[in-house]
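Student: structure of the sequence below:
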Amino acid sequence: MYKVYICAKASDIIKGNDFFQHIIAYYGVPSRTTDVFCQDFRCDVHYSNEFTDFVVEKMKKICIEQNSVSFYFYAPAFAYCVINKEPKLADYIRCLNSEILLQQLDNKIIARSWAKEYVNVIPFKILTINSCLSELQTNKKLAGLVIQYPDSAGGEGTYILSPNYNDEDRKKCLKIFSRDTFFLVSPFFKNAISAACHIIVYEENTLVFPIGISKAIITDDIIQRPIYQGTKYGIQTSISKNIIKKIHDSIENLGRQLAAIGYRGICGIDFMINNDDIYIMEFNPRFLGSSFLVDMALMDNCLPSLAYFNEEAFYKSSPLSEHIQKIQELSIPYNSHVFTVNEYFNQNAFNLLLNNVPSNWTVYFDGLNQQIPIVTYENDTYLFRAAEKNL
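Tutor: Take a look at the predicted model:
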């Protein structure tokens, strides 16, 4: 079977991962077994008609060239964009939950409303931007509000609104946010820890992988969007066993509930640790930006990749008992550093970093042309990332 992975970054598949024989990526270096959409000039990932057409044509070409082929998606929801363009390709796509289930889990309002029946979720309201501003004015205890577009992903539709706004800030808010849009709104906890973990949902069991802390730039600006900077593993050593148990109990419960509604395979669970409280935040029914770090640790321990476990969950009711035991004992000695175009990372910082890359970093440029000034790229465009091996 010729297995093809469709993803954002070619570096999502680490060297030595032989589960896939071919990659179709948004970013990367083209080769005989890697098709890349964004080559000469960097642009932000948009699952646009152009990218969908590119993927469809490459999939059709591979189907002609290979006798037996299967396609797997980093973001399974995108598979339905492909199917809508070319329905015949559906026969070759594997590991796909129903479209309606993926849509419901991707919708932050629906997913959090469902999850609160089973676990502790962060308090939330459904408000318009005017109501958010009024809430900040009347509730003086708030350190701020986190406002999110219900269907946003990857942090793109998440903003933090400070209570210390003036009339000019209010006008700016009303320009940025549409007055007639409903937002998912939660309190902002300044010293809370944002974290996430991968799970693989089987019919009778759920594999829970180590917890990673999400790193982001958060300032004191009145209106800001957190800038994701990577994931740090090793959280278990810095948090009490009681909190770790609470996290695992909540996540295993969610795994059981997901299995009960027919969900199978990989899912990312975002949550927050605030003092002794654990708040489930949202679901990501797909692979994550930190999945490549998990795969590194799995390979170090002679275990199959996440892609292997993801596929296994669709045709087996439970993983092997030895895999369950080894993943319970798994530690991930890696951190990731993600660099995007933003006001805090300019050309000088870029050049300085390239000339002083730490010896324990492995840098993945994913086809970045280093001769093009980064100021020419649109804001939030992915530049490169690095895996740091903990010494």
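Student: centre of the chain to whatever helix or strand residue 310 lives in, how far?
Tutor: Taking DSSP states H and E as the criterion, residue 310 maps to helix 306-315. Computed by CA atoms, centre = their mean, to the nearest Å, the chain-centroid distance of helix 306-315 equals 18 Å.
Student: list the contacts of the residue nearest the centre of the chain.
Tutor: Here the mean C-alpha position of the chain is nearest to the C-alpha of residue 288 (CA atoms, centre = their mean), at a distance of 3.7 Å. Residue 288 makes contact with 196, 198, 268, according to CB atoms under 8 Å, 6 or more residues apart in numbering. C-beta coordinates here come from the backbone N, C-alpha and C atoms, glycine included.
Student: the second one touches residue 294, doesn't it?
Tutor: Put plainly, it is residue 198. Yes: Residue 198 is within contact range of residue 294, at 5.9 Å (criterion: CB atoms under 8 Å).
Student: find residues that contact each of the two.
Tutor: With CB under 8 Å, 6+ apart as the test, residue 198 and residue 294 both reach 209, 306.
Student: the helix holding residue 310 packs against which elements?
Tutor: Under the contact definition 3 or more CB pairs under 8 Å, 6 or more residues apart in numbering; DSSP states H and E, helix 306-315 sits against strand 69-73, strand 193-201, strand 265-274, helix 291-300.
Student: hmm, who's touching the last one?
Tutor: Pointing back at helix 291-300 there. Contacts for helix 291-300 (CB under 8 Å, 6+ apart): 11-14, 16-17, 198, 209-210, 212, 231, 233, 266, 304-306, 330-336, 387.
Student: now these: which count as buried?
Tutor: Buried by 16 or more other CB atoms under 10 Å: 11-14, 17, 198, 209-210, 212, 231, 233, 266, 304-306, 330, 332, 334-336, 387, out of the contacts of helix 291-300.
Student: hmm, who's touching stretch 241-260?
Tutor: Contacts of stretch 241-260 (CB under 8 Å, 6+ apart): 115, 118-120, 195, 197, 199, 201-204, 206, 208, 211, 236, 267, 269, 271, 273, 276, 278, 280.
Student: quick one: average pLDDT of it?
Tutor: On average, the pLDDT along stretch 241-260 is 94.
Student: buried residues, that stretch. List them.
Tutor: Buried, per 16+ other CB under 10 Å, within stretch 241-260: 243, 246-247, 250-252, 254-255, 257-259.
Student: likewise for stretch 349-359?
Tutor: So, applying 16+ other CB under 10 Å, buried residues of stretch 349-359: 350, 353.
Student: how distant is that stretch from the center of its chain?
Tutor: 26 Å.
Student: what do you get for stretch 31-49?
Tutor: 19 Å.
Student: how far does that stretch stretch from one end to the other?
Tutor: In stretch 31-49, first residue to last residue: 23 Å (CA to CA, to the nearest Å).
Student: what about the nearest residue in space to residue 197 that is not next to it in sequence, how many neighbours?
Tutor: Take residue 197 and drop its neighbours on the chain: the residue closest to it by CB to CB, 6 or more residues apart in numbering is residue 211, 4.8 Å away. For residue 211, the count of nearby residues is 24 (other CB atoms under 10 Å).
Student: just to revisit the earlier point, list the ones among the buried residues of stretch 241-260 that fall in helices.
Tutor: Mapping the buried residues of stretch 241-260 onto helices (DSSP state H) picks out 243, 246-247, 250-252, 254-255, 257-259.
Student: burial measure for residue 167, as a count.
Tutor: Around residue 167 there are 7 residues (other CB under 10 Å).
Student: same question for the one 3 residues further on.
Tutor: Other residues near residue 170 number 15, with proximity taken as other CB under 10 Å.
Student: for it, give its distance to residue 176.
Tutor: Distance, residue 170 to residue 176, using CB to CB, to the nearest Å: 11 Å.
Student: same check on residue 67?
Tutor: 52 Å.
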